[in-house]
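In: Fold the following for me, if possible:
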Amino acid sequence: MADLTGTSTKTIRFYEDSGLVPPPARTPSGHRVYGPETADRLRFIRRCQAAGMSLQEVRQILTVHDSGESPCAHVGRVLNDRLEHVRAQIAELVTLEAHLENLLDHAAQGRSTEHDDAAVCWILEADLAEGAATR
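Out: Numbers count the residues shown, from 1 in each chain. Down below sits the predicted model:
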């Protein structure tokens, strides 16, 4: 099953323990016997994770599915929420990028007199808003 789905045996057992995958049948000697539905389920879990879903979100989707209902409307909402979250992260990263560029521009100016007044490092302690206003 691990080779078939590209999922490690450790991960499959974790999914079994956490209820994402039902426990498999066992042979008299105790070996696990998986059906094709387990492979489908493992592939589905991997696709959910590739879309950035948490295991809790995957569990909710599978619970709806296992109850006999179609989870597609729920999946759409989860994906929409995930997309909004990703867009917010991108906006935060763009802001951080601009801040880092400003710090590096400031550092390139190399104002040696600021070294004496800094508590730790003049690059991070300077008020960049004042410097940007005078440029």
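
In: burial of S70, as a residue count?
Out: Other residues near S70 come to 9 when the count uses other CB atoms under 10 Å. Heads up, the C-betas are built off the backbone N, CA and C, glycines and all.

In: helix, strand or coil for it?
Out: Following DSSP: H, G, I helix; E, B strand; the rest coil, S70 is assigned to coil.

In: Then V21?
Out: Applying three-state DSSP: V21 is coil.

In: What sits closest to it if chain neighbours are left out?
Out: Spatial nearest neighbour of V21, chain neighbours left out: Y15 (4.3 Å); criterion: CB to CB, 6 or more residues apart in numbering.

In: now swap in L4 and tell me
Out: A39 (5.5 Å).

In: T5 contacts R43, doesn't it?
Out: Yes - contact criterion CB atoms under 8 Å: T5 and R43 qualify, at 5.8 Å.

In: Compare these two and say which one has the larger neighbour count.
Out: Legend: neighbour count by other CB under 10 Å for T5 and R43, higher for T5 (18 against 14).

In: helix/strand/coil for the nearest residue to that one once chain neighbours are set aside?
Out: Of all residues not flanking T5 in the chain, L42 sits nearest, at 4.2 Å (CB to CB, 6+ apart). Three-state call for L42 (three-state DSSP): helix.
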